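> my questions concern the predicted model and sequence given below.
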Amino acid sequence: MAHAMMEVKDARGLQRLAEETSRSFRPARPKTRSRAALLEMIDLLSRWSAAGLALIAGIAVYLAIIAGRGFPARAAAWISLMVCAIWVCRRMRAQFRSGAAIAARPFRWRASYTSCLSVLGVVFASAPILLTPQDAPGLISLQVIVLVMLGGFGAALFHAAHPTSAAAFAIPGALLPTLAAIRGGDMVLTSALAATSVAGFVVVIALSRTIARNAGRRNPRTRFVRREILPANHYVENAATQTASKNVI
């Protein structure tokens, strides 16, 4: 009898030990943000992106003017690509902000908008290579390189609510001007651009994480369903309102 009780006790102890061991080795769940936090960040992206697109458009017009004096064909071709890309991005943003059909699918809109931004970012950052040839005057080439890098990181800051959208401007804006400086053989300028790129990436990443952290704090994840959060008479009142409206109709 005592031996049987000892076996039962040992079996329970082993079962408890197995549960504790499995719990300790259970992989941690990834800390994903809530849907409300993601929607808030999408709203910030749609609001702040207007300033980023305006910055890109202003710099593009200025670069086309200063480069068009010596290279009109290059300037006309490059600004034509820029106008098309900016128009598409601004139209998508305007449709979302105005509440068009795509506004009902915010995550799909963000994906489509980011894909358009990737095209715009590459076209804008290609100005040091497409807009000016290798034998262009040094002052014009320097202005194009510096303004493209500043414009790329400036637009990335206005799109920091979505890291992928910010990267669509930051990565080409850092890579292509640096390659243009390497093509020119100016190692001092190349080193300065590399240092500026690193600093720009640090600022953009820090701002993006701050926005995401603040959105997560305002909209934390919860395991409660809507019925457990809303008052008990909420659904009764809604049902009565819907019934009354149907009777009126």
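Looks like it arrived, so ask away. Numbering: from 1, shown residues only.

> give me the phi and psi angles of the residue nearest the centre of the chain.
Against the mean C-alpha coordinate of the chain, by Cα atoms, centre = their mean, the closest residue is residue 162 at 2.0 Å. In terms of degrees, to the nearest 10, the main-chain angles of residue 162 are phi -130, psi 110.

> now do the contacts for the closest residue to it other than its chain neighbours.
Leaving aside its chain neighbours, residue 162 sits nearest to residue 45 (4.9 Å; criterion: Cβ to Cβ, 6 or more residues apart in numbering). From N, CA and C alone the C-beta is placed, and that goes for glycine too. Taking Cβ atoms under 8 Å, 6 or more residues apart in numbering, we find residue 45 in contact with 110, 113, 159, 161, 162, 165.

> among the residues you listed, which are in helices?
Using DSSP state H, the subset of the contacts of residue 45 located in helices is 110, 113, 165.

> with pLDDT and neighbour count added, can I get these in CSV?
Shown next, in CSV, are the ones in helices among the contacts of residue 45 (pLDDT from 0 to 100; neighbours: other Cβ atoms under 10 Å):
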residue, pLDDT, neighbour count
110, 93, 20
113, 94, 25
165, 95, 26
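
> closest one to residue 84 out of those residues, please.
Comparing these against residue 84 with Cβ to Cβ places residue 113 closest, at 15.6 Å.

> the closest one - nearest residue in space that isn't next to it in sequence?
In space, residue 113 is closest to residue 92, 5.2 Å off (Cβ to Cβ, 6+ apart).

> ok, the one you found to residue 166 distance?
17 Å (Cβ to Cβ, to the nearest Å).

> settle it for me: which of those two has more neighbours?
Neighbour count, other Cβ atoms under 10 Å: between residue 92 and residue 166, residue 166 has more, with 27 against 20.
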